[in-house]
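Participant: For reference, the sequence and a predicted model appear below.
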Amino acid sequence: MATKGGDKIAVGNIENAQGVAIGGGASAHVQQEASQPIERPSPTLVSPTSRTTAVQQAAERVNRYPQMASDEQKTAADELAASLIIILSLAAQKPVDSLHLKLLCLGQMQLARQLAADVLGIEQVVEGFGTAVQQQN
């Protein structure tokens, strides 16, 4: 059914979806090959030791996203996962170097923009993490 201007389309939680199509005439195709498993090691999950729940939850959300990137974006995804560890380490130091922390978060946003075409929603999740980390300090 084609949508007309002004029609509302409600979309549920698509966070773990493998293919999503929204709107009239939209289609999605997901191809998985069982015969050739991807031999890409997933980034090591970080167990944040942040003193705030908001930062811990934001870090856990960010940590899921690099695993969704294509092989072509593997380097950027791995750098994003590594930057998470660096940012959490810097944020735990006292006194916190706020400028260095801000610059690292901006670098992480650059990586998220690079991955945005591959991993929908990554920019918002990374931005939320950066905001949470900077607000805790």
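Facilitator: Received the coordinates, thanks.

Participant: Give me the residue ranges of this protein where confidence is low.
Facilitator: Residue ranges of the chain with pLDDT under 70: 1-51.

Participant: now the helices: where do they sit in it?
Facilitator: 53-64, 74-92, 98-115, 122-136 (DSSP state H).

Participant: Turn those helices into CSV, columns for mean neighbour count.
Facilitator: For every residue, glycine as well, the C-beta is placed using N, CA and C. Shown next, in CSV, are the helices of the chain (neighbours: other Cβ atoms under 10 Å):
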stretch, mean neighbour count
helix 53-64, 19
helix 74-92, 19
helix 98-115, 17
helix 122-136, 19
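
Participant: Could I get the contacting residues of the residue nearest to residue 107 when sequence neighbours are not counted?
Facilitator: Nearest residue to residue 107 in three dimensions, chain neighbours excluded: residue 83, at 6.5 Å (Cβ to Cβ, 6 or more residues apart in numbering). Contacts for residue 83 (Cβ atoms under 8 Å, 6 or more residues apart in numbering) come out as 104, 107-108, 111.

Participant: Determine which two of the residues you listed are furthest apart.
Facilitator: By the measure Cβ to Cβ, 104 and 111 form the most distant pair in those, at 10.8 Å.
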